[in-house]
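Student: need a structure here:
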Amino acid sequence: MANLEEIGEADGWRCWLCDEPVDRDMPSRDPRGASVDSRITKAKAKKLKKDKLPIPPERLAHVGCNTGKGATDPVVAWPEHLIVVDPAPIIATAERLERLGKKSGREAMARCPTTAEAEAVAAWLIDRMSRLSPGLAVKSRIDKAGSQFLVSLEKA
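Tutor: Sure thing, here's the model as predicted:
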């Protein structure tokens, strides 16, 4: 396991799950305190090892976020202020795009009722992905889909 200070610095002292700042001075028993999260479940890590695939690096999380996730696959919530229909699971999307390696790929992320909403969603996704998967370069794409707008992410 890596050092909490190193992981905190690498993640900019932001929780990888909720994307809120983590106070490094909070006691470890406080839900807002810092903890190291393995990012994946033990079962998933075992499968990755068996398949000789890389295990994602440990990440910084609030104690409360890490404890709340428990031994289940993590979920990154979409913000309530964004209006989206059929939102895609963000972590699963990041993992699929990461596994593509040098290949290109695109993932549909959500549908929005207006161009303005689609642009806000696209901007939020690019920003969130930059911290969720720092090594993954993505760009957004907005397509008119009937009376709605489809927001997708593509490997850059």
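Student: which parts of the protein are helices?
Tutor: For the chain, helices defined by DSSP state H occupy the ranges 4-10, 42-50, 63-69, 90-99, 115-132.
Student: just checking, what packs against the first one?
Tutor: So that's helix 4-10. If you count contacts as 3 or more CB pairs under 8 Å, 6 or more residues apart in numbering; DSSP states H and E, helix 4-10 packs onto strand 34-37, strand 59-62. For glycine as for every other residue, the C-beta is placed from the backbone atoms N, C-alpha and C.
Student: what's the pLDDT at the nearest residue to Glu107 once chain neighbours are set aside?
Tutor: With CB to CB, 6 or more residues apart in numbering as the criterion, Glu107 has its nearest non-adjacent residue at 4.7 Å, and that residue is Thr93. Per-residue pLDDT puts Thr93 at 91.
Student: pretty sure Thr93 contacts Met109?
Tutor: Yes. Assessed by CB atoms under 8 Å, Thr93 is found in contact with Met109 at 6.7 Å.
Student: about what we covered before: can you lay out the helices and strands packed on helix 4-10 as TSV showing mean pLDDT and distance to Leu100?
Tutor: Shown next, in TSV, are those (pLDDT from 0 to 100; distance: least, CB to CB, whole Å):
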stretch	mean pLDDT	distance to Leu100
strand 34-37	88	24
strand 59-62	90	21
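Student: among those strands, which is the most enclosed?
Tutor: Ranked by mean neighbour count, the helices and strands packed on helix 4-10 are led by strand 59-62 with a mean of 25 (mean count of other CB atoms under 10 Å).
Student: okay, now the domains of this protein?
Tutor: 4-69, 90-155 (automatic domain parsing).
Student: any idea which residue sits dead centre in this structure?
Tutor: Leu132 (3.9 Å; CA atoms, centre = their mean).
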